[in-house]
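**Q** What shape does this take:
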Amino acid sequence: MLIVRVIVVVAAFSMLVTGSWARLSPDTFAEWAKWPDHVHFLHDAGVFQIGIGVMMLLALWCRDAIVVVLTGFIVTNTFHALNHALDAHLGGHTSDSWVLLALSAIASLGLVLRVRAVRQSVRERDVTERLGA
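**A** A predicted model of the protein is given here:
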């Protein structure tokens, strides 16, 4: 349904714009949103919004929910790890970004395995349909 797709694109765009704004210019975003100017948490909020926008757009193209959520997690969590590395001077643990990157690597393995399984299932279904079974 076209109207639903348009709504998803508009909503995703709003998440991507506000998320990018919070990530790239946390001080102006905080002023606009009337939030405290806590740079690291605004960076995190920004990447989480970006991740939601990416998942929404991917869902228009990919019908497999596991592929969509794993991709969204990998994008969001990897940017989250980058936030921790770039904001290390603001606090946190030195291991934070590495732990987050390790989780992204594990999720990436899961994504590869899921995509392979989905492709194999599609191939098997195509063969079955061609054979008329």
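**Q** Can you give me the separation between Gly53 and Glu124?
**A** Computed as Cβ to Cβ, to the nearest Å, the Gly53 to Glu124 distance reads 34 Å. In this view, the C-beta of every residue, glycine as well, is placed from N, C-alpha and C.
**Q** So for these two, which residue has more residues nearby?
**A** Neighbour tally, Gly53 and Glu124, criterion other Cβ atoms under 10 Å: the higher count belongs to Gly53, 23 against 10.
**Q** For the chain, give me the ranges with low pLDDT.
**A** For the chain, the stretches with pLDDT under 70 are 133.
**Q** Mind doing that once more with 80?
**A** Within the chain, the segments meeting pLDDT under 80 span 123-133.
**Q** Can you show me the helices along it?
**A** For the chain, the helices defined by DSSP state H occupy 2-24, 26-33, 39-61, 65-86, 96-131.
**Q** The first one - contacts with which helices or strands?
**A** This means helix 2-24. Applying 3 or more Cβ pairs under 8 Å, 6 or more residues apart in numbering; DSSP states H and E, one finds that helix 2-24 contacts helix 26-33, helix 39-61.
**Q** Any chance of those in TSV with distance to Arg114 as columns?
**A** Output for the helices and strands packed on helix 2-24, formatted as TSV (distance: least, Cβ to Cβ, whole Å):
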stretch	distance to Arg114
helix 26-33	34
helix 39-61	13
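**Q** Skipping adjacent residues, who's closest to Leu24 in space?
**A** Nearest non-adjacent residue to Leu24, counting by Cβ to Cβ, 6 or more residues apart in numbering: Gly46, 7.5 Å away.
**Q** returning to what we had before: deepest-packed of the helices and strands packed on helix 2-24, please.
**A** Ranked by mean neighbour count under mean count of other Cβ atoms under 10 Å, the helices and strands packed on helix 2-24 are led by helix 39-61, which reaches a mean of 19.
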